[in-house]
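K.L.:
please work out how this folds:
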Amino acid sequence: MKNQVKNDEIRKAVREQYSKVAEGDACGCNPSSCCGTSPTSVESLSQTMGYSEHETGSVPTGANLGLGCGNPQAIANLKAGETVLDLGSGAGFDCFLASKQVGKDGHIIGVDMTPSMISKARMNAENGHYENTEFRLGEIENLPVPDNTVDVIISNCVINLSPDKEKVFKECYRTLKTGGRLAISDVVAFAVLPDEIRNDLALFTGCMAGASLITEIEEMLRAAGFKQIRITPKDESKKFISEWAPGTKVTNYVVSANIEAVKLPQSCCSPASGCC
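P.N.:
You can find the predicted model right below:
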């Protein structure tokens, strides 16, 4: 019961913070995403995280809030006709980029627990005529998506915000079709976070204090059923992460990473084959 109360407190803080972000009254992970930041500055910020100039300039105004810690599109290898689920879809930036890649026969589902973000994303989708894209209100620990219906799950700097990551990965496995894959950009820990960082709620909503150790993430993915797990830290990300919490030593502990995994048929592997 104690853990549930703490988890609910964290979810409430995250929801309140990102409601303010959606309304232009607060920053997200990056202080450069604050209200008053020009669209050009937000585009430049996203380009430092791996998006191309074409990508940042091809979405509706207001869809790119300058949030995130990488570019999941770069590792997703999306194909025409695929169904894509975006965890923590915000104002729709990654959904709209994915929409163009999967084409009119594909389908994009964005899930976010913040009502104001969902409203903003739906307005952006209508303005941009994204007919293959929809947004659903929900928590990533309890995805409003049926079993075995998704080809690819993407997410950008969101799972670190969850107080129950093990359940998130189980939900990912449930919703993916056999052969489906994860393509996630997130903040991970490569060293144990000290209590002064771990217990700082502002650093939690800022995408740092909630980071799990790489080994813990690997264990959670395996426990959920995933195979072909690959976590690739990006040392260059320490430069922009250091700007999220000036004066702290947070980059001694966390880094952005690509997280990839696949849901394989249960019978496809044997210990002797080595593919597990």
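
K.L.:
from now on I want contacts and neighbour counts done on CA atoms only, so please keep to that.
P.N.:
Fine.

K.L.:
Val102: neighbouring residues, count only.
P.N.:
Neighbours of Val102 under the rule other CA atoms under 10 Å: 19.

K.L.:
who are the packing partners of the helix or strand where Ile108 lies?
P.N.:
Per DSSP states H and E, Ile108 falls inside strand 107-112. Applying 3 or more CA pairs under 8 Å, 6 or more residues apart in numbering; DSSP states H and E, we find strand 107-112 packed against strand 83-87, helix 93-102, strand 133-137.

K.L.:
and the last one, how far out from the chain's middle?
P.N.:
Meaning strand 133-137. 15 Å (CA atoms, centre = their mean, to the nearest Å).

K.L.:
start at 228, not 1
P.N.:
Okay, residue one is now 228; in that scheme the one you just asked about reads as strand 360-364.

K.L.:
can you show me the helices along this structure?
P.N.:
Along the chain, the stretches classed as helices by DSSP state H are 229-249, 266-275, 280-283, 300-303, 320-329, 342-355, 392-402, 422-425, 428-432, 441-451, 465-468.

K.L.:
just put those in JSON lines and tack on mean pLDDT and distance to Val477.
P.N.:
As requested, the helices of the chain are exported to JSON lines (pLDDT from 0 to 100; distance: least, CA to CA, whole Å):
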{"stretch": "helix 229-249", "mean pLDDT": "73", "distance to Val477": "19"}
{"stretch": "helix 266-275", "mean pLDDT": "78", "distance to Val477": "19"}
{"stretch": "helix 280-283", "mean pLDDT": "92", "distance to Val477": "28"}
{"stretch": "helix 300-303", "mean pLDDT": "95", "distance to Val477": "26"}
{"stretch": "helix 320-329", "mean pLDDT": "97", "distance to Val477": "27"}
{"stretch": "helix 342-355", "mean pLDDT": "96", "distance to Val477": "28"}
{"stretch": "helix 392-402", "mean pLDDT": "98", "distance to Val477": "21"}
{"stretch": "helix 422-425", "mean pLDDT": "87", "distance to Val477": "8"}
{"stretch": "helix 428-432", "mean pLDDT": "80", "distance to Val477": "9"}
{"stretch": "helix 441-451", "mean pLDDT": "98", "distance to Val477": "16"}
{"stretch": "helix 465-468", "mean pLDDT": "89", "distance to Val477": "8"}
